[in-house]
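**Q** Compute the structure for the input listed below.
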Amino acid sequence: MGVFGIVLLVLFAIVCLLLIFMVVIQDQEGEGLGGLFSGAGNAAFGSRSSSVVVRFTYILGGLFFVIAFGLAVLNKGSVGNVEDAVRAQDGQATEWWSQDSAPATETAPATE
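**A** Have a look, this model is predicted:
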């Protein structure tokens with residue numbers, strides 16, 4: 001993955017945690033979980049706190065998708081099909097349902 005991938009993964013985890021926190025503290029007309037953290041509604045963050053919190057949540061949501069797509073592109077393998085990758089590793093692919101295996105011998109439980 002490399003250093004860039006690790007940095008992107010750590011940034012992704014931070015953005016995820018911040019996004020969860022921002023969604024939890026949002027107050028929807030006084031009935032959300034935001035009222036648990038500030039008894040006076042949005043007064044703790046100022047008079048325009050509603051628009052600031054919503055705007056910051058939108059920014060974090062956008063960062064979430066951009067970083068997620070970046071990680072997906074960064075970790076994309078050279079083989080797009082899983083079956084082709086297995087065939088390339090083993091030389092031949094066999095399905096579990098078409099394998100000829102010896103029938104299992106059943107043993108009678110020992111009685112005492």
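
**Q** Mind picking out the helix or strand in the protein with the poorest mean pLDDT?
**A** helix 34-37 (a mean of 53; mean pLDDT, DSSP states H and E).

**Q** So which other helices or strands are in contact with the helix or strand just after that one?
**A** Counting by DSSP states H and E, the element after helix 34-37 in chain order, helix or strand, is helix 49-74. Using 3 or more Cβ pairs under 8 Å, 6 or more residues apart in numbering; DSSP states H and E, the elements in contact with helix 49-74 are helix 2-25. From N, CA and C alone the C-beta is placed, and that goes for glycine too.

**Q** and the direction of the helix it packs on versus that of helix 49-74, what angle?
**A** Using axes from the mean of the first three to the mean of the last three Cα atoms, to 10 degrees, the inter-axis angle of helix 2-25 relative to helix 49-74 is 150 degrees.

**Q** can I get the CA coordinates of helix 2-25 in PDB?
**A** Coordinates of each C-alpha in helix 2-25 appear next as PDB, following Å, rounded to 0.1, in the frame of the first residue of the first chain:
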ATOM      1  CA  GLY A   2       2.800   2.400   0.700                       C
ATOM      2  CA  VAL A   3       3.200   5.400   2.900                       C
ATOM      3  CA  PHE A   4       0.600   7.400   0.900                       C
ATOM      4  CA  GLY A   5      -2.000   4.600   1.400                       C
ATOM      5  CA  ILE A   6      -1.300   4.500   5.100                       C
ATOM      6  CA  VAL A   7      -1.600   8.300   5.500                       C
ATOM      7  CA  LEU A   8      -4.900   8.200   3.500                       C
ATOM      8  CA  LEU A   9      -6.200   5.400   5.700                       C
ATOM      9  CA  VAL A  10      -5.400   7.200   8.900                       C
ATOM     10  CA  LEU A  11      -7.100  10.400   7.500                       C
ATOM     11  CA  PHE A  12     -10.100   8.300   6.500                       C
ATOM     12  CA  ALA A  13     -10.500   7.000  10.000                       C
ATOM     13  CA  ILE A  14     -10.300  10.500  11.400                       C
ATOM     14  CA  VAL A  15     -12.800  11.800   9.000                       C
ATOM     15  CA  CYS A  16     -15.100   8.900   9.800                       C
ATOM     16  CA  LEU A  17     -15.000   9.600  13.500                       C
ATOM     17  CA  LEU A  18     -15.500  13.400  13.000                       C
ATOM     18  CA  LEU A  19     -18.500  12.700  10.700                       C
ATOM     19  CA  ILE A  20     -20.100  10.400  13.300                       C
ATOM     20  CA  PHE A  21     -19.600  13.000  15.900                       C
ATOM     21  CA  MET A  22     -21.000  15.800  13.800                       C
ATOM     22  CA  VAL A  23     -24.100  13.800  12.900                       C
ATOM     23  CA  VAL A  24     -24.700  13.000  16.500                       C
ATOM     24  CA  ILE A  25     -24.500  16.600  17.700                       C
END
